[in-house]
Each structure stands twice: as structure tokens, then as C-alpha cells.
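1. A predicted structure for the sequence below; I have some questions about it.
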Amino acid sequence: MDEELNRVNDAFKASFDRIQRIFDLCIAPVYEALVDRVFLNCRYYGLAETIEFEKKEYNRISKELIEIHVSNPVLVDLQRYYADPEFFWESGLFEYLQPADKRKYRTYLHTQFDYSKYVQNNTFYDNELPYFSVIVKVVAYERFLDSLRIRTQGILGEIEGLNGMVPVALEIPAKPKVETDNPFEQSFISVQLNLMAECANEVKMFNAMVTHEDWKAIFDCKPNNILKSKNNRLLAYFFSSLSNRNLITGNWQSVIAKYKLFLASQKNDYLNCNDLANANANNKDVQLSYKYTVIGRYIKQLQKTLG
């Protein structure tokens, strides 16, 4: 009986994975077009013009997202899972669908999908795969807003490094710096730190093996040793996964950069906000890599320890 149930679950998951790959195929160009728009417009801008343009772009996309969510409440769970490479499986999106819509996804034959038809008309498959075009847009938009936030943090980080001199034209309001004993805003216990150590060692995240004591020191921003990243994208994905589940602060890039916690993989210098922003933005095809799957598995185990 258990073997039969496992076979059914495996087949169900495989079906979700095929649909996920179709989503990924369509999300990537939408996301890239948004990023290219910012890059091309800001290519010759100064800092003031860049920040002003990005602010307008952020507000424009945010407004459209709000309108989409108001019109499509069934997509509410995407607000929490848009960054997950398996958002279709991990979120409650499927469960919010009406029974008839669920059947369409369950029975859809992925080999029938023709990307050229989708390009000609983004809503072409919305009848066969309900909300398809809207889901693509929501995930691409949410991920774009994330990348824009990270990019802006990097720019502001550079400005703060200019001996405290901020160009008047930027009109950035001064904000008091509040020191905290818990910069990552985390509350990990030993069993969770052990899982992180096992994860980092299994995927060879750093140039040396790590222990749960090492992770505790890192999250306290007082590392025992400065570890060198072997893959910046892998490290960014790990911390992003923790952040997306509200296990650490959303400003993890700034914390890592400020406290100089890791050395970058391709240079003899500390990882900064730009390094992490670029690594995070390039994590678009992570579902194709075994190591990302391993990290995902450990993150799920970690979540189970939360009770």
C-alpha cells in the first residue's frame, strides 16, 4: 500500500515539475525584459537619475501587481513563494484552484505546449492552464522587484562608503543607525545549525568544512574563521531561501557585506552587496542543478524543526 502511494505521489510531483518547467520557460524572458529596461535606461544616468528612475519603475510595477492580486485572489500564495524555484509545488496555489481548474493542470500533456504560440499571444494557454499568463506575470514582477530592491541597496551601500558624503541631489533621508546584537534577526537552535553545517558541507559551499559552531558564530556576525565561498550563487541561494521563509532578515546581503563574513569565490576580497545581488539575480535556472535541490531539501528539514 505504501509503495503504491509513493508511486502516486512521485507521479504527481513529476507532473508538477513538468508544469514548473513551462512556467520557468515563460517567466525568464519577462523578468529579463524588465531588468534590461532598467539597465538600458540607466546606462548613462548619474546616481540621482538612476535612483529616481528605479523608484518610478518600482512604483509602476508594484501598482500593477496590486491590481492583479485584487482581481485574482486565488494567487495570494504567490506573494510568499514567488522566489521558490518550485513555487508551483511548494505554494498553496494549486489548492486554491477550483476542482475543474485542478483537473486541467493534472491532465495537461506538457508536450502540447508550443512556446511560439505563447509568444504570439500570452493568454493563449489560459483556458488549458487557468491563470497561466497571470501567474507568469506575477512571479516575474515579484522577482524583478526583489532584484530592484537589492540593486538599490547596493547603490546606497556604495554611497554610504563615500566617507559619509551623500550627493545633495539624491535627497536620501538620514536614518539613525541602530546597533543590534542580532543583525540577521534569527533564532536558530543547535539542531538547525547542525542541518546547515551538513548542507554546506554536502554541497561544498565553502573552501573548508564547517560545523554548527561556525554557523552560530556567522549568524552572530563574529565568525571564527573567514570562509571563502566556492560558489557565490550557491551561497546567495542558501541565504535567500532562509530569508524567503522569514528565518532571517530580508537585508541579509547588507549584513554579510557590513560584517565581512565571507570571501568571494573569484577574488581575494570580501563579498559585498553587488556580488550578492548579482549572484542572487543569476539564480534563475537553479532547479536544474543537483546542489540547489540538496539545499532545498535541507531547508525543508530545517522548517520541520520549527514545530
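-> Noted; the coordinates are in hand. Numbering: from 1, shown residues only.
2. what's the distance between the one residue sitting closest to the centre of the chain and Ser147?
-> The chain has Ala83 as the residue nearest its centroid, 3.9 Å off, counting by Cα atoms, centre = their mean. Ala83 is 10 Å from Ser147, where distance means Cβ to Cβ, to the nearest Å. The C-beta positions use only the backbone N, C-alpha and C, and glycine is treated the same way.
3. returning to that earlier point: so the residue nearest to the centre of the chain sits against Ala140, correct?
-> No - in this structure Ala83 lies outside contact range of Ala140 using Cβ atoms under 8 Å: 11.7 Å.
4. how far away is Ala140 from Lys102?
-> From Ala140 to Lys102 the distance is 24 Å (Cβ to Cβ).
5. which of those two has more neighbours?
-> A count of neighbours by other Cβ atoms under 10 Å puts Ala140 above the other of Ala140 and Lys102, at 23 against 14.
6. show me what contacts Glu142?
-> Contacts for Glu142 (Cβ atoms under 8 Å, 6 or more residues apart in numbering) come out as 65, 78-79, 82-83.
7. pull out the buried residues from those residues.
-> 65, 78, 82-83 (16 or more other Cβ atoms under 10 Å).
8. those residues in helices, which ones?
-> 65, 78 (DSSP state H).
9. between the buried ones among the contacts of Glu142, which is closest to Glu49?
-> Leu65 (24.5 Å; Cβ to Cβ).
10. now do the closest one against Leu78, distance only.
-> In terms of Cβ to Cβ, Leu65 sits 10 Å off from Leu78.
11. need the residues touching each of the two.
-> 138, 142.
12. closest to Asn246 out of the buried ones among the contacts of Glu142?
-> For the buried ones among the contacts of Glu142, the residue nearest Asn246 by Cβ to Cβ is Ala83; the value is 12.0 Å.
13. setting aside sequence neighbours, what's the nearest residue to that closest one?
-> Asn244 (4.8 Å; Cβ to Cβ, 6 or more residues apart in numbering).
14. go on, Gln112?
-> Gln112's closest residue in space is Glu128 (Cβ to Cβ, 6+ apart), at 7.9 Å.
15. surely that neighbour touches Tyr105?
-> No - the criterion here is Cβ under 8 Å, and Glu128 misses it with Tyr105 at 9.1 Å.
16. out of these two, which sits in the busier spot?
-> Tyr105 (19 against 14).
17. does that one lie in a helix or a strand, and which?
-> helix 99-107 (DSSP states H and E).
18. list the contacts of that helix.
-> 15, 19, 94, 97, 128-131.
19. check which residues of stretch 26-43 are buried.
-> Those would be 26-27, 30-31, 34-35, 38, 42, for stretch 26-43 by 16+ other Cβ under 10 Å.
20. meant to ask about stretch 292-307, not that
-> 292, 295-296, 298-299, 302.
21. do stretch 269-276 as well
-> Neighbour counts over stretch 269-276 (16+ other Cβ under 10 Å) mark 270-276 as buried.
22. and these, which is closest to Phe88?
-> Using Cβ to Cβ, the buried residues of stretch 269-276 come closest to Phe88 at Leu276, 26.5 Å.
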